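Engineer: How does the following fold in three dimensions:
(2 chains)
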2 protein chains.
Amino acid sequence: MFDSRFQSFDDAADPTQGKARVAALRQELRSRGLDGFLVPRSDEHQNEYVPKSAERLAWLSGFAGSAGLAIVLLDKAAIFVDGRYTLQVREQVDVEVFSPQHLVDAPPETWIEANLPKGGKLGYDPWLHTPGVIERYDRAAKAAGATLVPLESNPVDAIWHDRPQPPLGAVKLHDASRAGDAAPAKIARVREALAKAKSEALVISDPHAVAWLFNIRGADVEHTPLPLSYASVPKEGPPTLYIDGRKLSNSVRDALGDIVDIAEPATLLGALAKLGAGHARVRFDAATAPAKLTQALEAAGGTADVGTDPIALMKAVKNAIELDGARRAHHRDAAAFARFLAWFDAEAPKGELTEIIATEALETFRRDTGALQDVSFPTIAGAGPNAAIPHYRVSHASNRKIEPGIFLVDSGAQYEDGTTDITRTIAVGPPTAEMRDRFTRVLKGHIAIARAVFPKGTSGAQLDPFARKALWEAGLDFDHGTGHGVGSYLSVHEGPQRISKLGTTPLEVGMILSNEPGYYKAGHWASASRT
Amino acid sequence: MFDSRFQSFDDAADPTQGKARVAALRQELRSRGLDGFLVPRSDEHQNEYVPKSAERLAWLSGFAGSAGLAIVLLDKAAIFVDGRYTLQVREQVDVEVFSPQHLVDAPPETWIEANLPKGGKLGYDPWLHTPGVIERYDRAAKAAGATLVPLESNPVDAIWHDRPQPPLGAVKLHDASRAGDAAPAKIARVREALAKAKSEALVISDPHAVAWLFNIRGADVEHTPLPLSYASVPKEGPPTLYIDGRKLSNSVRDALGDIVDIAEPATLLGALAKLGAGHARVRFDAATAPAKLTQALEAAGGTADVGTDPIALMKAVKNAIELDGARRAHHRDAAAFARFLAWFDAEAPKGELTEIIATEALETFRRDTGALQDVSFPTIAGAGPNAAIPHYRVSHASNRKIEPGIFLVDSGAQYEDGTTDITRTIAVGPPTAEMRDRFTRVLKGHIAIARAVFPKGTSGAQLDPFARKALWEAGLDFDHGTGHGVGSYLSVHEGPQRISKLGTTPLEVGMILSNEPGYYKAGHWASASRT
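Structural biologist: The predicted structure follows:
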């Protein structure tokens, strides 16, 4: 009856391979005269969802989380993960091979400074790190009397013999009836921002920004319709889209050809060298630009102006057509979710439902709309104690029966007119007095955000406390932000605005933000609304 | 019946002197081969209240505000003030001589870059600027193809023939029955902080920090019992207090001699040169250290570690004795204020009261306690439209009759056991419906802050929106922070904690903060609680 097309429930992690793979990597490093290598969980665009070809950290270590870094030296190795993954990492990797570290409390810099041998060479793939991160690691290596060395090819790729090919998802046009603004108008706005920043060109390394600027969508990673690619917008003359030509049908190529030059990604470094030779000042996105690109420009004599990509804010402020699409998408999604709730109400009391069945049912109701392109992230469907794990993802191993208590569903969908993200806390059977109290406090927070009236210039950081006040009054809180930006048939997590202590971007009319306070009773249950 | 001992109502500003004084300054600059000079409203400690000998900006320009900067070039001059003073500056200075600029919207850096002649030399007094500010101005001067030059003596002093002598206020001991902790225990805490910062020594340039560390108070500036002085605390060995010996009685000198070496301020540069020669890393306070000090250290080979003075946070967290003193001071102050209110209630309806009479009465009721050392800032007593000027200070020229409507009093006192700051909005006659509504919204904000319950780690920035919510709901707001730290018989404005958009310091048990939302109806009246 139900099935899942966009999500799997396999236990991706396999801690048993780490030992042999790290040994092979060390042999490769020795043959290159290196003393260590950095293996981040990132692709060439710092994406949240990366293609399988970029899952080097998972392949090497077994760790399947969405953020992390391994540092492999010849005699020891460490893996750095944040607070979400401190338990998970110990299940997924061989801790005899990788010593788990806390990414924030014991950052890689400190470990590098303490463990890198004097005179040692620590290699890195300059496509996989931003310039700011490399600067920090470089300082740490220097403090250890060692050197950080950019490599021409990735040593993991040399030993990963069945590494998947990079994806070649077909690019589709995201036409004006959905995008609202035409690409030339958007390009003109980017040029205005360039003039203000006194830069000769903008290099776009975030595929979300590429997708927005040229009104295209792709199919290279899961859950977000990204066309993996780079682009550059010069002060004058046509922009260039650096994309594998095999992703473009003739008709898409023709349509794009009117607004942008199309080039193979391999030509980007040459283009930067040319800009550098002319001593150009070029804006790069601090959040996503690979160090490889800024290094190519600077080596040729240019100035890398590493700052914000002005497209991030333009993309965050939706136009009337996008807002209309978002409303339609949410109505459609809400109807599918209501069908799910009705089904759940009827079935749950029978005691046979599991987290996986519920996840499959929800995806199926969404597919029944005929408009579902993908889920916008793997559904978080947690029963009982699993509900209290903020980034829970059900697998065959973790799958629980849905019994009386709390069932939490945090899920979303990708439709061509909009992206959704909704959470519901469902009581199976009568909730306890404590559950009712916590649910009410979370709901008060949600309502305070929903009803907030505030002056121009107010940031998400200023609204965030309204979501927490009722919890604070009972000595409670939740350990994540209250809301994040949501894309328009793009990423379900979109910046720069957010409702959190760190959300300093002023909110603007047209931004879409989630509203997700929560309460987690570790080991027991949760009442929440969040991703 | 009433009079004022700690406040004057003179119009300090005189715009007619500026022209001749700037001409004299230009002649002095030419004789030194300079193309310009920076005249900030600051003393050698970046104090809020500065001694008369440091009022160079007021003397030169007529501007009497508490923050500002003039840049005098040979053919033009500008004066930079913030939003509080944009109207006032046009009344107090000759705008033919000084072109008024907005300190934030059109900052000095931009003006320097645009106006400094190529190859020009812009002089500055390195005792009057922090290293961070000088770094910014230096970049701007370089961008103009010019140079920023530290001067050995201040050119304004050379032409200000009747410049007052620097103050020599007597130092008093602030004994343990008021301070709670003894100086040696405080010094030990500073040493712990030094070890964490991996610094050889801390240079204390904030006289509030000097006063706190050694449990002394002074009498060098108005409204705050500051002993103008510097100090240094080495990792090992006794600290040194750099203070004019004439401020110390024999008994004070004897008492201090047990815990600190006492030296003349002129010896500080030599001590820094010695530290520099030993390649020491020395912590300076970014907020108050004069560039002169970091330059002296660096010129000799040391490393200036410009950061926060760890004392700021220690001083902000009051101990039980200080908190007890604060409560006693507030009870005493509240009784005096209640007497003032009773008197006001009886007198105001007669229609003869003025802002000055009310200010004198309030100070007199406070003096009648027998414990008043000073007011903690010039009383802000505004009737009608004057109430709506957030930093109003009554003078003979601005003095208004107190007529039916709103009378706002924001005032505070210095007692040896504590510093106070309270604001009351008083209706003279029946208030209008609008006044009642605004007063209620401000009161709701005040109550929300007063009743706030929040987890450890919460900052003032997170509480600030609670003070504004009721105003925001009516499309209103106030254009200042909600609360600031308050000293313990020290400054009425004390950091690092504050309740404002910028208050990122986590609040700690023992901190004292004011709670001052407000509403200002420009040109009419205000309902507020603020300084």
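Engineer: who are the neighbours in contact with the closest residue to chain B within the stretch 151-300 of chain A?
Structural biologist: For the stretch 151-300 of chain A and chain B, the shortest gap (C-beta to the nearest C-beta) falls at residue A:198, measuring 11.8 Å. All C-beta atoms are positioned from the backbone trio N, CA, C, and that covers glycine. Under the criterion of C-beta atoms under 8 Å, 6 or more residues apart in numbering or on different chains, the contact partners of residue A:198 comprise residue A:281.
Engineer: And it, how far from residue A:285?
Structural biologist: Going from residue A:198 to residue A:285 by C-beta to C-beta, to the nearest Å gives 17 Å.
Engineer: all strands for the stretch 401-531 of chain A, in order.
Structural biologist: Taking DSSP state E, counting those that start in this stretch, the strands of the stretch 401-531 of chain A run over residues A:405-411, A:413-415, A:418-419, A:422-428, A:483-485, A:494-499, A:518-521, A:525-528.
Engineer: Direction included, what does the last one pair against?
Structural biologist: In the sheet, strand A:525-528 lines up against strand A:518-521 (antiparallel) (DSSP bridges).
Engineer: Extract the CA atoms of the strand it pairs with and return them as CSV.
Structural biologist: Coordinates of the C-alpha atoms in strand A:518-521 are reproduced here as CSV (Å, rounded to 0.1, in the frame of the first residue of the first chain):
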residue,chain,number,x,y,z
GLY,A,518,10.3,22.2,20.8
TYR,A,519,10.8,20.4,24.1
TYR,A,520,12.8,17.2,24.4
LYS,A,521,12.7,14.9,27.3
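Engineer: How far off centre is it?
Structural biologist: 23 Å (C-alpha atoms, centre = their mean, to the nearest Å).
Engineer: cool, stretch A:398-413 as well?
Structural biologist: On C-alpha atoms, centre = their mean, the centre of stretch A:398-413 falls 23 Å from the chain's centre.
Engineer: And stretch A:6-25, by the same measure?
Structural biologist: Taking the mean C-alpha point of stretch A:6-25 and that of its whole chain, the gap between them comes to 21 Å (C-alpha atoms, centre = their mean).
Engineer: re the thing from before, let me know the distance separating the residue of the stretch 151-300 of chain A closest to chain B from residue B:26.
Structural biologist: On the measure of C-beta to C-beta, residue A:198 and residue B:26 end up 34 Å apart.
Engineer: Which neighbouring elements make contact with the helix of greatest length in chain A?
Structural biologist: If you go by DSSP state H, chain A has its longest helix at helix A:320-347. The helices and strands touching helix A:320-347, judged by 3 or more C-beta pairs under 8 Å, 6 or more residues apart in numbering or on different chains; DSSP states H and E, are helix A:176-179, helix A:355-367, strand A:413-415, strand A:418-419, strand A:422-428.
Engineer: sorry, back to before: most tightly surrounded among the strands of the stretch 401-531 of chain A?
Structural biologist: Taking mean count of other C-beta atoms under 10 Å in any protein chain shown as the contact definition, the stretch among the strands of the stretch 401-531 of chain A with the greatest mean neighbour count is strand A:418-419, which reaches a mean of 30.
Engineer: And the longest helix of chain A, what's buried?
Structural biologist: By neighbour count, with 16 or more other C-beta atoms under 10 Å in any protein chain shown as the criterion, the buried positions of helix A:320-347 are A:321-323, A:325-326, A:329-330, A:332-333, A:336-337, A:339-340, A:343-344.
Engineer: That helix vs helix A:355-367, what angle?
Structural biologist: Following axes from the mean of the first three to the mean of the last three C-alpha atoms, to 10 degrees, one obtains 130 degrees for the angle between helix A:320-347 and helix A:355-367.
Engineer: what is the mean pLDDT for helix A:320-347?
Structural biologist: In this model, helix A:320-347 has an average pLDDT of 98.
Engineer: With mean pLDDT and distance to chain B as added columns, please give the helices and strands packed on helix A:320-347 in JSON lines.
Structural biologist: Formatted as JSON lines, the entries for the helices and strands packed on helix A:320-347 read as follows, by pLDDT from 0 to 100; distance: least, C-beta to the nearest C-beta, whole Å:
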{"stretch": "helix A:176-179", "mean pLDDT": "93", "distance to chain B": "33"}
{"stretch": "helix A:355-367", "mean pLDDT": "97", "distance to chain B": "31"}
{"stretch": "strand A:413-415", "mean pLDDT": "98", "distance to chain B": "32"}
{"stretch": "strand A:418-419", "mean pLDDT": "98", "distance to chain B": "28"}
{"stretch": "strand A:422-428", "mean pLDDT": "94", "distance to chain B": "22"}
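Engineer: Turn the ones you listed into JSON lines, including distance to residue B:305.
Structural biologist: Written out in JSON lines, the entries for the helices and strands packed on helix A:320-347 read as follows (distance: least, C-beta to C-beta, whole Å):
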{"stretch": "helix A:176-179", "distance to residue B:305": "51"}
{"stretch": "helix A:355-367", "distance to residue B:305": "53"}
{"stretch": "strand A:413-415", "distance to residue B:305": "50"}
{"stretch": "strand A:418-419", "distance to residue B:305": "47"}
{"stretch": "strand A:422-428", "distance to residue B:305": "46"}
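Engineer: Compare the ones you listed and report which one is nearest to residue A:474.
Structural biologist: Taking C-beta to C-beta, strand A:422-428 is the member of the helices and strands packed on helix A:320-347 nearest to residue A:474, at 17.0 Å.
Engineer: what about dumping the CA coordinates of the closest one to CSV?
Structural biologist: Extracted in CSV, the C-alpha atoms of strand A:422-428 (Å, rounded to 0.1, in the frame of the first residue of the first chain):
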residue,chain,number,x,y,z
ILE,A,422,6.2,21.0,8.9
THR,A,423,6.3,19.3,12.2
ARG,A,424,3.5,17.8,14.2
THR,A,425,3.4,16.3,17.7
ILE,A,426,0.8,13.5,17.9
ALA,A,427,-0.5,12.0,21.1
VAL,A,428,-1.2,8.3,20.8
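Engineer: just the angle between it and strand A:405-411, please?
Structural biologist: Angle, strand A:422-428 to strand A:405-411, by the same axes, to 10 degrees: 160 degrees.
Engineer: Paired strands for strand A:422-428, with orientation please.
Structural biologist: On the basis of DSSP bridges, the sheet neighbours of strand A:422-428 come out as strand A:405-411 (antiparallel).
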